[in-house]
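Asks: Predicted model, plus sequence, below.
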Amino acid sequence: MNSTAFWYSTRATGIMTLVLLTLTMILGLVTAGRAKGRNWPGFVQQELHRRLSILAVVFLALHVLTSILDTYVHIGWLAVVVPFASPYARFWVGVGTIAFDLMAAVFISSLLRPYLAPGTWRGIHWLAYACWPIALVHTFGLGTDAGQVWVVALGAACVLSVGVALLWRFRSVTGPGAGAGAATGFDAPSGPRVPPPRLVSSSRVRNDRRDL
Amino acid sequence: MISSEATKTAGTDVHHLLGQPGDLAGHLHVHGPLILPDGHHQRRALAANLEASGLHGRGGGDFPTSVKLAVASSAGRGGTVVVNAMEGEPASDKDKLLLHRTPHLVLDGAQYLAAVCRSSRVVVCVPAGREVTAEAVAHAMAERRRSRCAPVNETLVRPPDRFVGGEETALVNFVESGSSLPVFRPDKGVPLRIGRQASLVHNAETLAHVALIARWGPGPFRARGLAEEPGTCLVTIGGAVTHPGVVEVDRGTPLWDIAHRATPTEPPQAFLVGGFAGSWVGPDSFATPYASGPLRAIGARAGVGVIVVLGASSCGVAETARIARYLAAQSAGQCGPCVYGLPAIAEDLERLARGRGDYNLLPRLRRRLAQVDGRGACRHPDGAVALVRSALTVFADDVASHCAGAPCSHHRRPTSMRLPAPIAL
Amino acid sequence: MAPLRLTVDPVACDAYGYCAEILPELITLDEWGYPIVEPKPVEAALLGLARRAVRDCPKRAITLRTRDGR
């Protein structure tokens, strides 16, 4: 493969990774926010979230691979994991490296989830909230195509959709746990409604039950 | 405040807990120095003695002590023996009494079990806020340290004072991590662990029995009580009685005989046996022996050694509603069916007590009882469900008239249950 | 092969309800959204769905075990 082919691949897989990462984020937020419809089973979000995250990681691996193998600019294997170690575009590639590291941490910790304490897994998974904006910044900071209209439009769409998903996820201050509340329908107790008790959430509890 | 029945003074030809000397000198005089089993054969012999005695836990679980010991001692050395003196049951005073009066008996029992399991420490759990009991225990521990009567290190910890705090996994969780919340434990055959070492949790009264059995053999213990459920147990009698307090009775004594010792003030309408997580027993079953087998046969539970007498001029439904509300508030707050189910049950009972139930109340209540039963990480919801179910049976006539909108006039009377905070109906 | 049973850790469970969606034959939800699981062993035909339910639980609250000592 010649350098140009690698270069096109890097740019293409980069955009794909961003899009897949965005979709993964949105599905993760929708899962944590307990979206469920009468005809829409909730487990679909969960499964899509996981499968898309795998696709995102695959495209990320391709993106990293093609960028290293491209001999036109020298990035080097070290820069894959160590931020700011690339001779070429040190800063923006470094930002990408940080995003890569975060994504790798989230992905690997999810693979190892059965062997990790729940609080540990959840803490690492929160890094995803940092990973996505950093990936976005890398795309537009370094991006060769960042000037193109369709790329800007895509970026704006990503930001908008994640923004909406974030607002929806954190729509109630108390969080989604209170949704599983008292009985509804004919059997609902009449009279002044006592607010449902809150479930305990404490990080010292062995089964850490806070949400993402 | 707390009175007790002194049977004999010293003398161990008969197995009894109350009346044993409380100070270290007297204790050593009667029982001699603490001689712990040394070596594999002696440990096996002690375990065999416990098995032969047929001792079951006196903390409410009623589980064979020797089986629990076998599970813990199979898990290797270096563990912990936890003395459960939490006594979260508000109506119970027996463990407080034991620790005030004969702490050395309880601590000796822990030492014996620590020797069998080759544990490296004994931890006594007294709730925060019970300073008098904690004082007594600390004083006894200091005495033992000075006289070198405690081969294994004994310490005192103060978990928060909550109803579920005395649950085994909650205690172990507290000792390990400071969080006094129960942990889901589906397989009881796997030993409890603190860190990587096994831990053995026993009620204070159970350990007192262990000390006597270990020192004097299973004979005196088996000589009292029933063949299937031998020994004595401490029972706190309360409610509508003239002389509330703690008595020591042979296992299998009829309920009425036990209640009679405290002299009920008026003809009892029912007994609450086993505490707030126990069951109501009606007048036709007052002659039932106080033992797990006979009580299970009438649909009740022995639970912790508590009998609360409900006078004729009280309302059983109202008292049950108050207890249910208390139990709901005491949930650890971890499991949905308990957190949402118990308050819902309490609310329905309160409506029933006021005579304001809708015609769907009883079916809804029964459905929720079935839904909540057994679906928490610990037995807290199970206890509440058993109590309410027994109330629906024992007070069936009352329930029917309350349901029909004609509650008895007694539901507004002040409660005769010992509830920590007044619960308005 | 030893009989496998579904067990829910009630402390970890947070009423997402995915298990009941995937395996309604064995899991129903109570009025507060928490799962009520059939205590019987899972039959071979439903094992695939049972494993899927275990995988999809966001809290890892439901598991397949060979023994349940409650």
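Replies: Cool, got the structure.

Asks: chain center to stretch A:77-94: distance?
Replies: When distances are taken as CA atoms, centre = their mean, to the nearest Å, stretch A:77-94 is centred 22 Å away from the chain's centroid.

Asks: got the CA positions of stretch B:35-49 in PDB?
Replies: This file holds the C-alpha atoms of stretch B:35-49, laid out as PDB (Å, rounded to 0.1, in the frame of the first residue of the first chain):
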ATOM      1  CA  ILE B  35      -8.200 -24.400  79.700                       C
ATOM      2  CA  LEU B  36      -8.500 -24.300  76.000                       C
ATOM      3  CA  PRO B  37      -8.100 -27.300  73.700                       C
ATOM      4  CA  ASP B  38      -4.600 -27.900  72.500                       C
ATOM      5  CA  GLY B  39      -3.900 -30.000  69.500                       C
ATOM      6  CA  HIS B  40      -6.100 -31.600  66.900                       C
ATOM      7  CA  HIS B  41      -7.700 -34.300  69.100                       C
ATOM      8  CA  GLN B  42      -8.700 -31.900  71.900                       C
ATOM      9  CA  ARG B  43     -10.300 -29.500  69.300                       C
ATOM     10  CA  ARG B  44     -12.200 -32.400  67.800                       C
ATOM     11  CA  ALA B  45     -13.300 -33.500  71.200                       C
ATOM     12  CA  LEU B  46     -14.700 -30.000  72.000                       C
ATOM     13  CA  ALA B  47     -16.500 -29.900  68.700                       C
ATOM     14  CA  ALA B  48     -17.900 -33.300  69.300                       C
ATOM     15  CA  ASN B  49     -19.200 -32.100  72.700                       C
END
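
Asks: Identify all contacting residues around it.
Replies: With CB atoms under 8 Å, 6 or more residues apart in numbering or on different chains as the test, stretch B:35-49 has contacts from B:66, B:69-70, B:73, B:111-112, B:115-116, B:151, B:213-214, B:217-218. C-betas here are computed from N, CA, C, even on glycine.

Asks: Okay, buried residues for it please.
Replies: Under the neighbour-count criterion of 16 or more other CB atoms under 10 Å in any protein chain shown, stretch B:35-49 has B:36-37, B:43, B:46-47, B:49 buried.

Asks: can you give me the offset of it from its chain's centre?
Replies: 28 Å.

Asks: Next, see if the longest helix anywhere in chain B gets close to chain C.
Replies: In chain B, assigned by DSSP state H, the helix with the most residues is helix B:336-354. Yes. Residues of helix B:336-354 contacting chain C under CB under 8 Å from any CB of the partner chain: B:336-338, B:340-341.

Asks: So which residue is smack in the middle of chain A?
Replies: residue A:25 (3.8 Å; CA atoms, centre = their mean).

Asks: So which of the residues of helix B:336-354 next to chain C reach chain A?
Replies: B:336, B:340.

Asks: Find the residue closest to residue B:115 in space, skipping its chain neighbours.
Replies: residue B:36 (4.1 Å; CB to CB, 6 or more residues apart in numbering or on different chains).

Asks: quick one, phi psi at that neighbour?
Replies: Residue B:36 adopts backbone torsions of phi -90, psi 150, taken as degrees, to the nearest 10.

Asks: which stretches of chain A have low pLDDT?
Replies: A:1, A:143, A:172-212 (pLDDT under 70).

Asks: close to chain C, is the lengthiest helix in it?
Replies: For chain A, the helix that runs over the most residues, judged by DSSP H, is helix A:3-32. Yes. With CB under 8 Å from any CB as the criterion, chain C is reached by helix A:3-32 at A:31-32.

Asks: hang on, the earlier thing: I'd like the residues of helix B:336-354 next to chain C written out as JSON lines, with neighbour count and pLDDT added.
Replies: JSON lines is the format used below for these (neighbours: other CB atoms under 10 Å in any protein chain shown; pLDDT from 0 to 100):
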{"residue": "B:336", "neighbour count": "23", "pLDDT": "91"}
{"residue": "B:337", "neighbour count": "25", "pLDDT": "93"}
{"residue": "B:338", "neighbour count": "29", "pLDDT": "93"}
{"residue": "B:340", "neighbour count": "28", "pLDDT": "93"}
{"residue": "B:341", "neighbour count": "27", "pLDDT": "94"}
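
Asks: List just the nearest of the residues of helix B:336-354 next to chain C to residue B:284.
Replies: residue B:341 (30.7 Å; CB to CB).

Asks: The closest one contacts residue B:374, doesn't it?
Replies: No. Assessed by CB atoms under 8 Å, residue B:341 is found out of contact with residue B:374, at 11.4 Å.

Asks: Overlap in contacts, the two.
Replies: residue B:381.

Asks: buried stuff in the helix ranked longest in chain C?
Replies: Longest helix of chain C, by residue count under DSSP H: helix C:47-56. Of the residues in helix C:47-56, those with enough neighbours to count as buried (16+ other CB under 10 Å) are C:49-50, C:52-54, C:56.

Asks: residues in contact with that helix?
Replies: A:43, A:46-47, C:4, C:6, C:18-19, C:22-23, C:25-27, C:42, C:62-64.

Asks: Near chain A, which residues of chain C are found?
Replies: So far as CB under 8 Å from any CB goes, chain C lies against chain A at C:9, C:11-12, C:14-18, C:21-22, C:31-34, C:56, C:58-61.

Asks: One more pass at 6 Å, please.
Replies: C:11-12, C:14-15, C:18, C:21-22, C:31-33, C:56 (CB under 6 Å from any CB of the partner chain).

Asks: Those: which two are farthest apart?
Replies: C:31 and C:56 (22.7 Å).

Asks: isn't the residue nearest to the centre of chain A right next to residue A:161, touching?
Replies: No. Using CB atoms under 6 Å, residue A:25 makes no contact with residue A:161, being 8.8 Å away.

Asks: Chain A versus residue B:242, what's the distance?
Replies: Applying CB to the nearest CB, to the nearest Å, the value for residue B:242 to chain A is 39 Å.
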